[in-house]
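Visitor: Give the three-dimensional model of this entry:
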Amino acid sequence: MSQNPLTKAAALVEAYGYIRAFAGKTVVVKIGGSIMDEPDNLKALVGDVCFMAAVGMRPVLVHGGGKAINAALSEAGMESHFVQGRRYTDERTLAIAEHVLVNQINASIVGGAMELGQAAMGLHSLGSCAVFGERLRLEGEGGRQIDIGLVGQVNWVNAELIHAVSAGGTIPVIAPIVRDAAGGKLNVNADSVAGRVAAELKADKLVVVSDTHGIRTSAEASETAASLTRAEIDGLIDSGVIAGGMLPKVEACLTAVGGGVPKAHVIDGRIPHALLLEVYTDKGIGTEIVS
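Guide: Predicted structure coming up:
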């Protein structure tokens with residue numbers, strides 16, 4: 001059954017105010033989770049990002065690709081090893097990860113946007129790199145340093161380049177392989193990249209799009225919180241409610257909010273047009289994190 005024309009008109013009127021309010025504003029969108037393995041959902045999400053650009057917003061897209069990297073490593077006869085949730089990365093692993101993230105996923109997203117008539121540009125380690133980093137070493141028992149190979153953390157973002165690209169009407173699409181000071185390459189968690197990019201751009205929003213409805217306030221809760229403060233988030237982390245795959249997403253949001261981004265959101269990209277519902281409606285969707 002088609003939607004009532006009056007309902008459609010009401011939705012357009014509601015969206016109009018947000019379209020005007022967000023015109024010229026920067027919103028960082030991080031795509032990850034199982035959405036990366038679902039072509040139809042990914043295509044629809046890229047279409048929503050293109051819509052945002054078409055109505056005057058300046059979206060910046062950061063993507064992951066962990067499952068695709070796992071599959072590529074398996075095909076090459078290699079196993080994935082994780083230390084404290086980080087992928088141990090030697091030179092061969094890095095080469096495969098870079099190929100998957102840049103030549104496959106990033107190129108596909110850029111191509112998908114261009115098929116919709118929207119200019120997009122990949123910013124990554126094989127072209128115009130906009131994110132730079134340094135080696136990350138984890139801390140083990142007794143303060144012992146753990147070497148996890150060519151894994152990095154962001155220490156500088158070329159915000160001027162990203163702003164210049166988006167100001168020209170082109171969507172920057174950032175892959176999480178970064179350069180270090182010596183010109184080498186490092187594998188960085190995509191959530192961490194998105195949080196730091198949002199903070200350095202002084203974005204108006206960070207939206208982390210994944211395969212979860214939002215953040216639960218207890219292990220038993222069936223519903224997710226509509227809004228949480230940093231203090232509430234810290235309590236949920238300390239109690240172990242926020243853990244595992246949700247932790248880097250939340251940490252990215254905290255990095256963004258701590259860097260001056262007014263709001264960050266965790267939403268479920270499997271819901272049709274979840275991104276547009278978050279940005280252009282009164283109710284929003286998922287969990288909002290504020291300072």
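
Visitor: and the longest strand for this structure?
Guide: In the chain, with assignment by DSSP state E, the single longest strand is strand 145-157.

Visitor: and the next element down the chain from that strand?
Guide: helix 159-167 (DSSP states H and E).

Visitor: List the buried residues of whichever helix or strand comes after that next one.
Guide: Next helix or strand after helix 159-167 toward the C-terminus (DSSP H and E): strand 171-174. Under the neighbour-count criterion of 16 or more other Cβ atoms under 10 Å, strand 171-174 has 171-174 buried. Quick note: C-beta positions are derived from backbone N, CA and C, even for glycine.

Visitor: Tell me the one of those nearest residue 160?
Guide: For the buried residues of strand 171-174, the residue nearest residue 160 by Cβ to Cβ is residue 172; the value is 12.0 Å.

Visitor: Distance of the residue nearest to residue 137 when sequence neighbours are not counted relative to residue 229?
Guide: Distances taken as Cβ to Cβ, 6 or more residues apart in numbering put residue 145 closest to residue 137, at 4.8 Å, once the chain neighbours are dropped. Applying Cβ to Cβ, to the nearest Å, the value for residue 145 to residue 229 is 34 Å.

Visitor: Same check on residue 13?
Guide: Noted for residue 13: a distance of 31 Å to residue 229, by Cβ to Cβ.

Visitor: Compare these two (neighbour count), which wins?
Guide: Counted by other Cβ atoms under 10 Å, residue 13 and residue 229 do not tie: residue 229 has more neighbours, with 12 against 9.

Visitor: Bridged to the more buried one, which residues?
Guide: Taking DSSP bridges as the rule, residue 229 bridges to residue 290.

Visitor: What segments of this structure are helices?
Guide: 5-22, 39-54, 66-75, 91-98, 107-115, 159-167, 190-201, 230-238, 246-258, 274-280 (DSSP state H).

Visitor: nearest to residue 189, of the buried residues of strand 171-174?
Guide: For these, the closest approach to residue 189 (Cβ to Cβ) belongs to residue 174, at 12.9 Å.

Visitor: List the contacts of the closest one.
Guide: 60-63, 122-124, 130-131, 162, 193, 197 (Cβ atoms under 8 Å, 6 or more residues apart in numbering).

Visitor: got a pLDDT number for it?
Guide: Residue 174 carries a pLDDT value of 98.

Visitor: ok, now the one 4 residues further on?
Guide: The predicted local confidence for residue 178 comes out at a pLDDT of 97.

Visitor: measure the closest residue to it other than its chain neighbours to residue 125 for me?
Guide: What sits nearest to residue 178 in space, not counting adjacent residues and going by Cβ to Cβ, 6+ apart, is residue 133, at 4.2 Å. In this view, residue 133 and residue 125 are 11 Å apart by Cβ to Cβ.

Visitor: Which neighbours do the two have in common?
Guide: Common contacts of residue 133 and residue 125 (Cβ under 8 Å, 6+ apart): 178-179.

Visitor: what about these two, which has more around it?
Guide: More crowded of residue 133 and residue 125, by other Cβ under 10 Å: residue 133, with 26 against 21.

Visitor: which residues does that one contact?
Guide: Residues in contact with residue 133 (Cβ under 8 Å, 6+ apart) are 152-156, 178-180, 186, 188.

Visitor: From those, list just the buried residues.
Guide: Buried residues within the contacts of residue 133, counting neighbours by 16+ other Cβ under 10 Å: 152-154, 178-179, 186, 188.

Visitor: one step back: what is the neighbour count of the residue nearest to residue 137?
Guide: Number of residues near residue 145 (other Cβ under 10 Å) recorded here: 8.

Visitor: Hmm, it is touching residue 139, no?
Guide: Yes. With contact defined as Cβ atoms under 8 Å, residue 145 counts as touching residue 139 (6.7 Å).

Visitor: For stretch 52-61, what is the distance to the chain centroid?
Guide: 15 Å (Cα atoms, centre = their mean, to the nearest Å).

Visitor: Excluding its own residues, what touches it? List them.
Guide: Stretch 52-61 is contacted from outside by 19, 22-31, 49, 109, 118, 120, 162, 166-167, 169, 171-174, 197, 201, 203, 275-276, 279, using Cβ under 8 Å, 6+ apart.
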